[in-house]
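Engineer: Here you go, sequence then predicted model.
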Amino acid sequence: MLTHALVLSALLFAVGTFGFLVRRNAIIMFLCIELQLNAVNLALVVFSRVAGIDGQVFVFFVMTVAAAEAAVGLAIIISIFRHYETVNVNSFNLLKW
Amino acid sequence: MVETVLFWIFGVVALGSAFGVVLGGRLPGKGGSPIASLLFMISTLASVAGIYVLLEAHFLAAIQVMVYAGAIMVLFLFVIMLLNLGHEYQQDMKGWAASLVLFLVSGAMAGLLAVRFAGPGGGGELDFLADANTAAMDAAMAEQGAVAVIAEPLYTTYVVPFEITGILLLVAIVGALALAKRRVA
């Protein structure tokens, strides 16, 4: 079951990457990043079955960082939405070559 | 074997819901509702929490449901509702050709990772290696409880990262407030 869980985490990570690359809605891109973090968490929990409890402590830290990232990222999205009236990242082209 | 059946149910639901997050209940080229994506995301998080329980990580499963599915997803929901995006079905997905190429690239990445994890020299021997360690961990968990097993290294070995995490959260609170606050004249 451990190997199956690792393969599942690889698949979840790939789906998150796919979503991040293919969607242009900033909020859904954020959700896909959370999906990737979650896939890594799953892999860490599997490894903690083999290598001791430290993997689960790392998951704890990853969750905290995810919470902080979500708070700041959503604040940035709100701030940008006030200016551009959209969350489509194609519209934010001020720094684009 | 009830654990294996449960694992497959949770795994299939998690993966299907992950695709639901990306597609948002619609097909490429059509866009989708952010609310649908969010609900699919909660389904994925709940299924992964179920897998955590199967892997004997009970405390993390509880945290996953409370903090991730409970708090962070509600934050996302608040922002979607605040910005009034719930009924916005405008196209925000790349076209069929770009989607297909990116799907193949992500699929290749998943394949490489899976081969590395499941193949020889990687995680292939994991179930074999796990037996000795798993018995020790289960014994510690039965003796100390699911929370104390994590709390003990968290407050001894990892006490400095733990404090830095606290500072990180403080910075995130102040940063979020400073960014999202309206300008006061």
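Structural biologist: Yep, that arrived. Residues are numbered from 1 along each chain as shown, chains lettered A, B, ... in the order given.
Engineer: Point me to the residue sitting closest to the centre of the chain.
Structural biologist: Using chain A here. Note on chain A: the residue nearest the mean C-alpha position is A:I33, at 1.9 Å, using C-alpha atoms, centre = their mean.
Engineer: wrong chain, I was asking about chain B
Structural biologist: B:L45 (5.4 Å).
Engineer: what's the pLDDT at B:L60?
Structural biologist: Looking at B:L60, its pLDDT reads 91.
Engineer: And for A:L11?
Structural biologist: 92.
Engineer: ok, how many other residues are close to it?
Structural biologist: A:L11 is flanked by 21 other residues according to other C-beta atoms under 10 Å in any protein chain shown. For every residue, glycine as well, the C-beta is placed using N, CA and C.
Engineer: thinking again about what came up before, secondary structure of the residue nearest to the centre of chain B: a strand, I assume?
Structural biologist: No. Counting by DSSP: H, G, I helix; E, B strand; the rest coil, B:L45 is not found in a strand; it is helix.
Engineer: Would you enumerate the residues in contact with it?
Structural biologist: By C-beta atoms under 8 Å, 6 or more residues apart in numbering or on different chains, B:L45 lies in contact with A:N38, B:Q64, B:V65, B:Y68, B:A69, B:M73.
Engineer: for the chain, what spans make up the helices?
Structural biologist: You didn't pick a chain, so chain A it is. Listed in chain order, the helices of chain A (DSSP state H) span residues A:2-22, A:26-51, A:54-84.
Engineer: oops, chain B please
Structural biologist: B:2-23, B:34-54, B:58-63, B:73-82, B:96-118, B:126-144, B:146-155, B:159-180.
Engineer: ok, and what's touching the shortest one?
Structural biologist: Contact with helix B:58-63 is made by A:41, A:45, A:56, A:59-60, A:63, B:49-50, B:52-53, B:146-147, B:149-150, as judged by C-beta under 8 Å, 6+ apart.
Engineer: Identify the farthest-apart pair in the contacts of B:L45.
Structural biologist: A:N38 and B:V65 (12.5 Å; C-beta to C-beta).
Engineer: Which of those two has more residues huddled nearby?
Structural biologist: Counted by other C-beta under 10 Å, A:N38 and B:V65 do not tie: A:N38 has more neighbours, with 26 against 17.
Engineer: How about residue 73, nearest residue that isn't a chain neighbour?
Structural biologist: Since no chain was named, I'll use chain A. With C-beta to C-beta, 6 or more residues apart in numbering or on different chains as the criterion, A:G73 has its nearest non-adjacent residue at 5.6 Å, and that residue is A:F30.
Engineer: wrong one, I was asking about chain B
Structural biologist: B:I42 (5.4 Å).
Engineer: do B:E152 as well
Structural biologist: B:Q144 (7.3 Å).
Engineer: What's the separation between the one you found and B:R182?
Structural biologist: 49 Å (C-beta to C-beta, to the nearest Å).
Engineer: Neighbour count: those two, which is higher?
Structural biologist: Legend: neighbour count by other C-beta under 10 Å for B:Q144 and B:R182, higher for B:Q144 (13 against 7).
Engineer: can you tell me how far that one sits from chain A?
Structural biologist: 10 Å (C-beta to the nearest C-beta, to the nearest Å).
Engineer: Make sure that residue is actually in contact with B:I150.
Structural biologist: No. Using C-beta atoms under 8 Å as the test, B:Q144 is too far from B:I150 to be in contact (9.7 Å).
Engineer: any shared contact partners between the two?
Structural biologist: Counting by C-beta under 8 Å, 6+ apart, nothing touches both B:Q144 and B:I150.
Engineer: which one is B:Y68 nearest to, not counting chain neighbours?
Structural biologist: B:Y68 sits nearest to B:L45 (C-beta to C-beta, 6+ apart), 5.0 Å away.
Engineer: Equivalent analysis for A:E34, please.
Structural biologist: Going by C-beta to C-beta, 6+ apart, A:E34 has A:A66 as its nearest residue, at 6.2 Å.
Engineer: Looking at B:V160 now. What's its pLDDT?
Structural biologist: Reported pLDDT for B:V160: 94.
Engineer: Could you check how far it is from B:L154?
Structural biologist: 11 Å.
Engineer: of these two, who's got more company?
Structural biologist: B:L154 (20 against 8).
Engineer: Around B:I72, how many other residues sit close by?
Structural biologist: 21.
Engineer: re earlier: quick one: the residue nearest to the centre of chain B from B:M109, how far?
Structural biologist: Distance from B:L45 to B:M109, by C-beta to C-beta: 22 Å.
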